[in-house]
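> Sequence and predicted structure are below.
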Amino acid sequence: MSSYNNTARFSEARRVAIFGGTHGNEMSGVTLVNLWTKNGAEIQRKAVEAVPFITNPKAVEKCTRYVDTDLNRAFTPENLSTRLTPSDECGNNLPYEVLRAQEINRIFGPKGSPEAYDVIFDLHNTTSNMGCTLILESSKDYFNLQMMNYIKLVENLFYLQMNHLIVFFYAGLEVGPQPQGVLRSNIFEAMRVILKHALDFIELFNEGVEFPPCTVEVFRVLERIDYPRDANGNIIAMVHPNLQDCDWEPLNPGDPMFQTFDGKTIHYQGSGTVYPTFINEAAYYEKQQAFITTRRETLVARRLCRGSSPANF
């Protein structure tokens, strides 16, 4: 294979958006974006326009996850292509977050258009003990894989989760554990440092620095596991204490998984070892999800350099 085909070439990343408040009670991103809106000196880089943006201001004002529906899941082709009527524009028919998704898409997109922003960081907190997790759409997202590898080299604080179900065009960042509606200084600073290094990487890339091929350990989503329930759909068990707070640690067949309210243990019955994450995430009770299982993989990121992007990337 030629060296050209082993190289990922991307145009310069000149416009970067930093989203906070997609979920209005995830306070690190909300606070950082508000801070940078007042004084954005620390997020500016040479020849890079970094724009902080509160994505769901009504939810932020109420300090709630969302008003009508989850904004993070409102960026579907159907929602974005829905034609507004005058009453929709007044918010009478469509959910607030759908209207907001359309507005955000107009400001920062549309995806794939010449007007679209080059990079979007979406800042999130989780109540799970996940540490710092970068969520990507594709295992061939070489730009973000290289960026993640760069941050690991300078900070060594990442796990990387590959999640193919994200519907928006960004590098999503989860940092936890942090309760909803609460700020923790260590989580706040971790998110701040990650963004600093990510912007440094973009600046270096724009200046023509080439990044050699690298291997990146990732965790690919397998399955979403619900809590045990009775015939009426009521939860009858909790995450087992041996599993609680053990995000990214191996869960083997036969290991304790849930504990019923009367003290019985429910064991994991899978066919092999998995790595659970988003364990007991508070926001996911409504989604009937106790945790996500993942498998561990190693990806090879191509050499990254600035230039015209081949159509097949």
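Yep, that arrived.
> all contacts plus neighbour counts: C-alpha atoms, from now on.
Fine.
> now the helices: where do they sit in the protein?
27-38, 57-62, 77-81, 86-89, 96-108, 142-155, 185-206 (DSSP state H).
> weakest of those by average pLDDT?
Note on the helices of the chain: lowest mean pLDDT is at helix 86-89, with a mean of 50.
> So which of the helices of the chain is nearest Arg296?
helix 142-155 (15.3 Å; Cα to Cα).
> so what's the residue lying closest to Ile292 once chain neighbours are set aside scoring on pLDDT?
Closest residue to Ile292 apart from its sequence neighbours, by Cα to Cα, 6 or more residues apart in numbering: Arg224 at 4.6 Å. In this model, Arg224 is scored at 95, pLDDT.
> wait, doesn't Arg224 sit right on Phe291?
Yes: judged on Cα atoms under 8 Å, Arg224 makes contact with Phe291 at a distance of 6.1 Å.
> buried ones in stretch 213-232?
Neighbour-count burial for stretch 213-232, counted by 16 or more other Cα atoms under 10 Å, picks out 213-214, 216-221, 224, 227-228.
> okay, among those, which ones form the most distant pair?
Greatest spatial distance in those: Pro213 and Pro228, 44.0 Å, computed using Cα to Cα.
> list the contacts for the spatially most central residue of the chain?
Centroid-nearest residue in the chain: Gly172, 2.6 Å away (criterion: Cα atoms, centre = their mean). When the contact criterion is Cα atoms under 8 Å, 6 or more residues apart in numbering, the partners of Gly172 are 121-124, 134-136.
> again, 6 Å this time
Taking Cα atoms under 6 Å, 6 or more residues apart in numbering, we find Gly172 in contact with 121-122, 134-135.
> and what of Thr55?
21-22.
> measure it to Phe108 for me?
When Cα to Cα, to the nearest Å is applied, the distance between Thr55 and Phe108 equals 11 Å.
> With Ala290 instead?
When Ala290 is compared with Phe108 (using Cα to Cα), they lie 33 Å apart.
> what about the two, which has more around it?
Set side by side, Ala290 and Phe108 show more neighbours around Ala290, with 22 against 18, by other Cα atoms under 10 Å.
> The more buried one contacts Asn280, doesn't it?
Yes: using Cα atoms under 6 Å, Ala290 is in contact with Asn280, at 5.2 Å.
> The residue nearest to Ile292 and Gln289, how far apart?
6 Å.
> can you check Leu153 too?
Distance of Leu153 to Gln289, given as Cα to Cα: 33 Å.
> residues near Asn105, how many?
16.
> and what of the one 10 residues further on?
Residue neighbour count, defined by other Cα under 10 Å, stands at 13 for Glu115.
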